[in-house]
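> how would this look folded up:
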Amino acid sequence: MAPIEFATSLASVAQAQADLLVLPCYGGLGGELTGGPGVAEASHALGLDLLEQLRGPAAGHGFRGRAGDVFETLTLGRLPAPRLLLVGLGDGGEARPAAIRRAVMMAASRIGAAATVATTIPASAISDNPISENSISDYPRSDGPAVDSQAAASAFAEGLLLGTYQFRRYKRQPRTDAVAAPPILRQVTVLTTAGEQAAVAAGLRHGEVIGQAANWARDVVTTPAADLSPADMVDVAQQLAAGAGLKFGVLDVSDLEEGGFGGILGVGQGSVRRPKLVELSYRGGDGPLIALTGKGITFDSGGLNLKRTSEIQWMKADLAGAATIMAVLRAAAELSLPVSIDAALPFAENMPGGAAIRPGDVISHRGGRTAEVVDTDCEGRLVVADALAYLAERTPAALIDVATLTDAAGLGGGLFAAMGNDDALARAVLAAGDAAGDPGWQLPMPPAYRRYLDSAVADIRNQPRGVPDSTIMAGLYLSAFPGQVPWLHLDNGSVAYLEQATDCWPEGATGSPARALIRWLEDGGVA
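Numbering: from 1, shown residues only. Predicted coordinates:
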């Protein structure tokens, strides 16, 4: 998709030149519909009270100012923009950046139906610091919380990019049932004031970086596995490194053999597409080292323990953990974050070929720990364990992995699972995820459960004995490899690729939890 160009303007609502004018409304504390910045000015130009119309004759349209509510009307030449779209932000007292992000994601399909858009939505966010009245706003704020223009603009740009995302790489023919191809949104202008213009512009750029990073991960996850082998992912990583100024390296099969990466080699040995381990480094400061890794299974057939059809059809998404980490590095570089990051990303294809690893085989991980492979479909923990052991040798201040190991213990499509050996690290990342609109939930790792992974022939087994496999058991397997390094495991199996659409997300890849980790780094990481 062509990138959306974001800009600011000092024009009023009555002067804004665009295909679509987008203005916010609120549900009100008691459910009363109220207008946001520009609604009164638009009503005056149209010669009618928009809110009164929505409360009265148009009430049947169901627009009540709730988050994501939309109402569109023609302006009949009375405004430069031929169409006007009202977007609900929910309760006016809760119109914070998080509410803006969510509402814009929900309304993005309507906003994105225009080629050019002008809007006052970022003028709707509130913070806890007083500020003077905004001249384009007719929503009273003089005695209430003030506008946080930069955070609001960031949330707006991020939400719009996430909500208008489309993967069109393989689209060749137009739809035969369409009269004409729909417009592709190419320019968005935020109407603001001279005093807030710089903050709005900075916020738009920030949100653009976050949204584009997440969408980049979605592109990677959505690309068919036939076009993304481990070798292809090396090329992707190298291109990313060149564009973002990252240090790049790769370990091939001979390097992996010499380095004792038995998990990566074992998982990848059944495929003709040989495994790789990519290393990326970012240095934005002299702070403590942060180490990141992610599961990069370019396709997971389950190996000889072949998956069922219902499971296998979206297994191109099993590299979502690695894609997430790459997106985080991209954003860190573009935002010039003052952190230092080393990433090691294992890429392998898990296939049932003639040389495939067998149930009952024993592998030797990086560092020498042996593992009995009970189930070849529990392969993600094998490759991530190697990467964790490798990165732990550098004694980082924090070690985080992201992997689609399980369904995240039934947390559903809205939460990733978190577990590790450092509660403070978990709390910091989860708090960042809440703030970023990319939430997770911490799960326990009871030490007593470790006995279920005892093997009669090796140091550990990759599937528990006597109890069902679970997110917790997968996390316990990984816990043997970071040693004493503060470590956090994020299982994004439930959120990386949605099999059903939600109110915000279409079916498909989400990029989660990239935005949570980016916010954590922005908050200082472990500094």
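> Just give me the neighbour total for Phe481.
Phe481 has 26 neighbours, counted by other Cβ atoms under 10 Å. Glycine gets a C-beta too; all of them are placed from N, C-alpha and C.
> That one touches Val383, doesn't it?
No. Using Cβ atoms under 8 Å as the test, Phe481 is too far from Val383 to be in contact (11.4 Å).
> And the lengthiest strand in the chain, what does it pack against?
The longest strand of the chain (DSSP state E) is strand 340-350. Here strand 340-350 touches helix 230-244, helix 262-268, strand 276-283, strand 289-294, strand 296-300, helix 320-334, helix 380-392, going by 3 or more Cβ pairs under 8 Å, 6 or more residues apart in numbering; DSSP states H and E.
> can you list the domain ranges for this structure.
When the chain is parsed with automatic domain parsing, its domains come out as 5-215, 239-522.
> how long is the last one end to end?
Which is domain 239-522. Its first and final residues considered, domain 239-522 spans 24 Å by Cα to Cα, to the nearest Å.
> what separates it from the chain centre, distance-wise?
Distance, stretch centre to chain centre, for domain 239-522: 16 Å (Cα atoms, centre = their mean, to the nearest Å).
> quick one: average confidence on it?
For domain 239-522, mean pLDDT rounds to 96.
> same deal with the first one?
For domain 5-215, mean pLDDT is 84.
> Can you list the buried residues in stretch 341-353?
When burial is assessed from 16 or more other Cβ atoms under 10 Å, stretch 341-353 yields the following buried residues: Ile341, Asp342, Ala343, Ala344, Leu345, Pro346, Phe347, Ala348, Glu349, Asn350, Met351.
> deepest of the domains of the chain, which one?
domain 239-522 (a mean of 21; mean count of other Cβ atoms under 10 Å).
> which ones are touching the closest residue to Arg366 other than its chain neighbours?
Excluding its sequence neighbours, the residue lying closest to Arg366 (Cβ to Cβ, 6 or more residues apart in numbering) is Ala389, at 4.1 Å. Contacts for Ala389 (Cβ atoms under 8 Å, 6 or more residues apart in numbering) come out as His365, Arg366, Gly367, Arg369, Phe481, Pro482.
> of those residues, closest to Ala123?
Closest approach to Ala123 among these (Cβ to Cβ): Pro482, at 45.8 Å.
> So that closest one is in contact with Ala392, correct?
Yes. Pro482 is within contact range of Ala392, at 5.0 Å (criterion: Cβ under 8 Å).
> for this structure, what's the longest helix?
Ordering each helix of the chain by length in residues (DSSP state H) puts helix 197-222 first.
> Over to the closest residue to Thr404 other than its chain neighbours: give its phi and psi.
Nearest residue to Thr404 in three dimensions, chain neighbours excluded: Gly493, at 4.2 Å (Cβ to Cβ, 6+ apart). For Gly493, the backbone dihedrals are phi -60, psi -30 (criterion: degrees, to the nearest 10).
> i'd like the first residue to be 22 from this point on
Sure, I'll start counting at 22 from here, so that last one is Gly514.
> Next, the angle from the longest helix of the chain to helix 251-265.
Orientation check (axes from the mean of the first three to the mean of the last three Cα atoms, to 10 degrees): helix 218-243 against helix 251-265 gives 170 degrees.
> same for helix 218-243, what does it pack against?
Helix 218-243 sits against strand 26-30, helix 170-184, helix 341-355, strand 529-530, helix 535-543, with contacts defined as 3+ Cβ pairs under 8 Å, 6+ apart.
> Could you dump the ones you listed into TSV with distance to Ala477 added?
Compiled in TSV, the helices and strands packed on helix 218-243 are given as follows (distance: least, Cβ to Cβ, whole Å):
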stretch	distance to Ala477
strand 26-30	60
helix 170-184	49
helix 341-355	31
strand 529-530	40
helix 535-543	38
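> Surely Phe92 touches Leu107?
Yes. Judged on Cβ under 8 Å, Phe92 makes contact with Leu107 at a distance of 4.6 Å.
> list residues touching both of these two?
Leu75, Phe84.
> coming back round to it: quickly list what's touching both of Pro503 and Ala413.
With Cβ under 8 Å, 6+ apart as the test, Pro503 and Ala413 both reach Leu420.
> What backbone torsions are found at Gln208?
Here the main-chain torsion angles of Gln208 (degrees, to the nearest 10) amount to phi -150, psi 130.
> Could you measure from Thr185 over to Glu279?
Counting by Cβ to Cβ, to the nearest Å, the gap from Thr185 to Glu279 is 47 Å.
> quick one: contacts for Arg415?
Leu310, Ala312, Asp363.
> Closest to Glu528 out of the residues you listed?
Nearest to Glu528 among those is Ala312, at 33.1 Å by Cβ to Cβ.
> From Ser533, how far out is the closest one?
Counting by Cβ to Cβ, the gap from Ala312 to Ser533 is 20 Å.
> next one: Leu327
With distances taken as Cβ to Cβ, Leu327 is found 28 Å from Ser533.
> what's the answer for Leu436, then?
Look at Leu436 and Ser533: by Cβ to Cβ, they are 9 Å apart.
> so what sits against both of these two?
Val516.
> what residues does stretch 450-464 touch?
Residues contacting stretch 450-464 (Cβ under 8 Å, 6+ apart): 119, 122-123, 231, 421, 430, 432, 435-440, 444, 447-448, 492-493, 496, 509, 511, 533-541, 543-544.
> Next: stretch 130-139.
By Cβ under 8 Å, 6+ apart, the surrounding residues in contact with stretch 130-139 are 30, 32, 34, 37-43, 91, 93, 102, 104, 106, 108, 125, 181, 184-185, 203-212.
> gap between the two ends of it?
Using Cα to Cα, the end-to-end distance of stretch 130-139 comes to 16 Å.
> And stretch 312-324, by the same measure?
29 Å.
> Confirm Arg131 sits in a helix?
Yes. Secondary structure assignment places Arg131 in a helix (DSSP: H, G, I helix; E, B strand; the rest coil).
> measure it to Trp526 for me?
For Arg131 relative to Trp526 (Cβ to Cβ), the value is 16 Å.
> May I have the strands that pair with the helix or strand following the longest strand of the chain, each with its orientation?
With elements assigned by DSSP states H and E, the helix or strand that comes after strand 361-371 is strand 383-385. Applying DSSP bridges to the sheet, strand 383-385 is found paired with strand 391-393 (antiparallel).
> Need the domains of the chain in TSV (columns: distance to Val242).
Output for the domains of the chain, formatted as TSV (distance: least, Cβ to Cβ, whole Å):
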stretch	distance to Val242
domain 26-236	9
domain 260-543	4
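> Out of those, which is closest to Asp253?
domain 260-543 (7.7 Å).
> picking that back up, and Ile378, which of the helices and strands packed on strand 361-371 is closest to it?
When those are compared by Cβ to Cβ, helix 283-289 sits nearest Ile378, at 4.6 Å.
> Packing partners of the closest one?
helix 274-280, strand 361-371, strand 383-385, helix 401-413.
> No further queries at this time; thank you.
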